[in-house]
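Novice: What follows is a predicted protein model with its sequence.
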Amino acid sequence: TIQNNENVEIKTTNNGNWAKAYLAFGSNIGNRMDYITQALKLLKATPDVKVTGVSSVFESEPMYFKEQNPFLNGCIEISTSQKPADLLKLCKKIEYLELKRTKDFENGPRSIDLDIILYYDAEGNAVQVNTQDLIIPHPRMLERTFVLEPLCELLPPDITHPLTIEPLVDHLQQLYDQQKPEDILWKVIPLGNNRTLSKKDKFLKFKTAMKHDDLTKTDNRMTVSPTYIMGIMNTTPDSFSDGSQNYSDMEIQLKKVMTLCDDVLKHYDNVIIDIGGCSTRPNSKQATEEQEIERTIPLIKAIRASHDIPQDQILLSIDTYRSRVAERAIEAGVDIINDISGGNFDEDMFNTVAKYPHVAYVLSHIRGDISTMTKNSSYNTEDEYDPPNSIDYINNNACNPSHKAMNLTRIIGYEMSERYSKALEAGVHRWQIILDPGLGFAKNLKENIDIIKQLPLLKNYSVYNNDTSFYVNFRNLPLLLGPSRKKFIGSITQDENPIDRDFATGSLVALSIGYGSDIIRVHNAKECAKSAILADTVYKSI
Ligand SMILES: Nc1nc2ncc(COP(=O)(O)O)nc2c(=O)[nH]1
Ligand SMILES: Nc1nc2ncc(COP(=O)(O)O)nc2c(=O)[nH]1
């Protein structure tokens, strides 16, 4: 590390590279997410600053001074030609001048707090600063899960603290091992699209904890908060499992939505309704964009206009791979874009999603397209495997070619990380993303089963790409699974007709939750909600 006190010249540029800094943000008054997005915007608008990474957003109880609102926290990675002292001035300017923060007392409530946590010069040396108004590394970072958790999403697991020389992931684990209540973090996905309807913040929320997995003999971070049920409302005449002819009858459709809500809200505080106007069954005939819009937008509007539906407890999702359908659905009031194509079928999808930071996006794995995916299900899980010019990790341990049992996770994880990187390059925020390994999309029977069994590994997969020097970590990203009534179930239970697969789907819902699925997409929401609440009781002791 370099001491910056003697005003040693800090190299902030070195043949095109700038210095790197990690900032921690916090907010606990007013519209917290708006302060955070504004602070980000102001940083991005600063000429000699480049925002290169933003973590998930976490909610936690206040440390130190307890009588105040819960905080939203996260970390930002920037490259900059500003020296530490100038970067501090920029943070203060954003806090006080631009976002009108007032500091009443130490550790008190604040609209926005931007702290410099770590600073590396342009040659990658950690810089130490010890002056009156600036200390780097941040003196209290090692006691704060709300700093270390988001930081460990942005940094490869071998990065050590400049003074203790211990990996940051180890410092974080030591905090978790103490099991202090104030160290518990909730990962939140902010949903503010229908801000007019719900005054208070709306979030999908997930709490994780370390759990031992008997199958893989590993300790994995698993979700311990309630599962979310995503009930399917297919408004297409041809969807392979419930092609209702009366999809255009709004009365009947609204009645179905209300029943779906009642059935799930009997067990859970929230329900997600996934509206689909274009079947994605293998080789199915694709509806036109106009048909898809005409089948879905009126229903979304009718649901949002209904006073018989508990607006604060329902989340709306549109199942589409078309960006224009997605945008129309967002304008009509959906909270989630559920795109089975991983942004592959419409090149405008990612930048459409990027325009709405308060809308979640399901990033799914697929190979090929609806008509070719069934021929794309060959994953080399027998031979030694390494991702192209990258180092991948599971649970922060570097994988090696002999880890054949984990190859499926490593292959799918790597392919999903490429789509994830493309999404972030287009401006999508990490906090918007929900992952889906795409059951039944370019997978054969064995692969569908193995994906479910390897969910604990996929949730803890990360990869450092030597070409882009971009580190992608799936830690804390919720996993959505769509097993309902699918062919791979029918081939095990010998049920030709999808409608006969509901009981088996219920069993698979419970199993998937045991393996770490956070959101489950189902046709029979009534029965599957019961399987889910049972599984939550058994696996998460909820
Ligand atoms: N959960 C939570 N608690 C907190 N308590 C105090 C401070 C004060 O931080 P400072 O020492 O950087 O001003 N910040 C937070 C925070 O961001 N999140
Ligand atoms: N996120 C997600 N969305 C999906 N949409 C449709 C289908 C195909 O099933 P359907 O035609 O019965 O809806 N499967 C998925 C899935 O597995 N994940």
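Specialist: Yep, it's here. Ligands and ions are numbered 1, 2, ... in the order given.

Novice: Across the sheet, point out what pairs with whatever residue of the chain ends up closest to ligand 1.
Specialist: Ligand 1 sits closest to residue 26 of the chain, with a gap of 2.8 Å, by CB to the nearest ligand atom. Where C-beta positions appear, they are placed from N, C-alpha and C, glycine not excepted. In this entry, residue 26 is beta-bridged to residue 73, residue 113, by DSSP bridges.

Novice: Could you verify my assumption that it touches residue 111?
Specialist: No: taking contacts as CB atoms under 8 Å, residue 26 lies outside contact range of residue 111: 9.9 Å.

Novice: Next one: the residue of the chain closest to ligand 1 relative to residue 63, how far apart?
Specialist: Going from residue 26 to residue 63 by CB to CB, to the nearest Å gives 10 Å.

Novice: what's the answer for residue 120, then?
Specialist: Counting by CB to CB - residue 120 and residue 63 are separated by 26 Å.

Novice: Run the contact check for the strand or helix carrying residue 189 versus ligand 1.
Specialist: With secondary structure defined by DSSP states H and E, residue 189 is part of strand 186-190. No: shown here: strand 186-190 not in contact with ligand 1 (CB under 6 Å from any ligand atom), separated by at least 10.8 Å.

Novice: and the lowest-mean-pLDDT helix or strand in the chain, how far out from the chain's middle?
Specialist: Within the chain, confidence by mean pLDDT, DSSP states H and E is lowest for strand 2-3 among all helices and strands, at a mean of 74. Taking CA atoms, centre = their mean, to the nearest Å, the mean C-alpha location of strand 2-3 is offset from the chain mean by 37 Å.

Novice: which outside residues touch it?
Specialist: 8, 10, 121, 125-128, 130 (CB atoms under 8 Å, 6 or more residues apart in numbering).

Novice: For that strand, which strands pair with it and how are they oriented?
Specialist: Here, using DSSP bridges, strand 2-3 pairs with strand 127-131 (parallel).

Novice: Helix or strand next in line after the strand it pairs with, which one?
Specialist: strand 134-136.

Novice: what packs against that next one?
Specialist: For strand 134-136, the packing partners by 3 or more CB pairs under 8 Å, 6 or more residues apart in numbering; DSSP states H and E come out as helix 84-92, strand 113-120, strand 127-131.

Novice: change it to 6 Å
Specialist: Strand 134-136 is packed against no helix or strand, with contacts defined by 3 or more CB pairs under 6 Å, 6 or more residues apart in numbering; DSSP states H and E.

Novice: doesn't residue 274 fall inside a strand?
Specialist: Yes: counting by DSSP: H, G, I helix; E, B strand; the rest coil, residue 274 falls inside a strand.

Novice: Can you report how many residues lie near it?
Specialist: 23 (other CB atoms under 10 Å).

Novice: With residue 354 instead?
Specialist: The number of residues packed near residue 354 is 18, by other CB under 10 Å.

Novice: and the residue in the stretch 301-450 of the chain positioned nearest to ligand 2, what does it touch?
Specialist: Residue nearest to ligand 2 within the stretch 301-450 of the chain (CB to the nearest ligand atom): residue 436, separated by 4.3 Å. Shown in contact with residue 436 (CB atoms under 6 Å, 6 or more residues apart in numbering): 362, 364, 480.

Novice: Buried ones among the residues you listed?
Specialist: 362, 364, 480 (16 or more other CB atoms under 10 Å).

Novice: Please report phi then psi for the second one.
Specialist: Translated: residue 364. Main-chain dihedrals, residue 364, degrees, to the nearest 10: phi -100, psi 160.

Novice: tell me the pLDDT at the closest residue to it other than its chain neighbours?
Specialist: In space, and not counting its chain neighbours, residue 364 is closest to residue 436: 4.1 Å by CB to CB, 6 or more residues apart in numbering. Listed pLDDT for residue 436 reads 98.

Novice: Show the backbone phi and psi for residue 436.
Specialist: According to degrees, to the nearest 10, residue 436 has phi -150, psi 120.

Novice: how about the strands in the stretch 1-150 of the chain?
Specialist: Counting by DSSP state E, counting those that start in this stretch, the stretch 1-150 of the chain has strands at residues 2-3, 13-14, 17-27, 49-54, 57-60, 71-80, 113-120, 127-131, 134-136.

Novice: For residue 168, find the nearest of those.
Specialist: strand 113-120 (9.1 Å; CB to CB).

Novice: so the closest one versus strand 127-131, what angle?
Specialist: 130 degrees (axes from the mean of the first three to the mean of the last three CA atoms, to 10 degrees).

Novice: What's the end-to-end length of stretch 363-372?
Specialist: Using CA to CA, to the nearest Å, one end of stretch 363-372 lies 19 Å from the other.

Novice: hmm, that stretch in reach of ligand 2?
Specialist: Yes: residues of stretch 363-372 are located near ligand 2 by CB under 6 Å from any ligand atom, namely residue 364.

Novice: Look at residue 274 and report its pLDDT.
Specialist: Here the pLDDT value assigned to residue 274 is 98.

Novice: isn't it right up against residue 235?
Specialist: No: counting by CB atoms under 6 Å, residue 274 stays clear of residue 235, with 10.8 Å between them.

Novice: Keeping just the C-alphas, turn the top helix by length along the chain into PDB.
Specialist: Identified as the longest helix of the chain according to DSSP state H is helix 407-425. Output in PDB follows, covering the C-alpha atoms of helix 407-425 (Å, rounded to 0.1, in the frame of the first residue of the first chain):
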ATOM      1  CA  ASN A 407     -19.700 -28.700 -15.200                       C
ATOM      2  CA  LEU A 408     -23.400 -28.100 -15.900                       C
ATOM      3  CA  THR A 409     -23.500 -25.200 -13.400                       C
ATOM      4  CA  ARG A 410     -20.200 -23.900 -14.800                       C
ATOM      5  CA  ILE A 411     -21.300 -24.100 -18.500                       C
ATOM      6  CA  ILE A 412     -24.800 -22.600 -17.900                       C
ATOM      7  CA  GLY A 413     -23.300 -20.100 -15.300                       C
ATOM      8  CA  TYR A 414     -20.700 -18.900 -17.800                       C
ATOM      9  CA  GLU A 415     -23.300 -18.500 -20.600                       C
ATOM     10  CA  MET A 416     -25.600 -16.600 -18.200                       C
ATOM     11  CA  SER A 417     -22.700 -14.400 -17.100                       C
ATOM     12  CA  GLU A 418     -22.100 -13.300 -20.700                       C
ATOM     13  CA  ARG A 419     -25.700 -12.200 -21.000                       C
ATOM     14  CA  TYR A 420     -25.500 -10.500 -17.600                       C
ATOM     15  CA  SER A 421     -22.500  -8.600 -18.700                       C
ATOM     16  CA  LYS A 422     -24.300  -7.500 -21.900                       C
ATOM     17  CA  ALA A 423     -27.300  -6.400 -19.900                       C
ATOM     18  CA  LEU A 424     -25.100  -4.300 -17.500                       C
ATOM     19  CA  GLU A 425     -23.200  -2.800 -20.500                       C
END
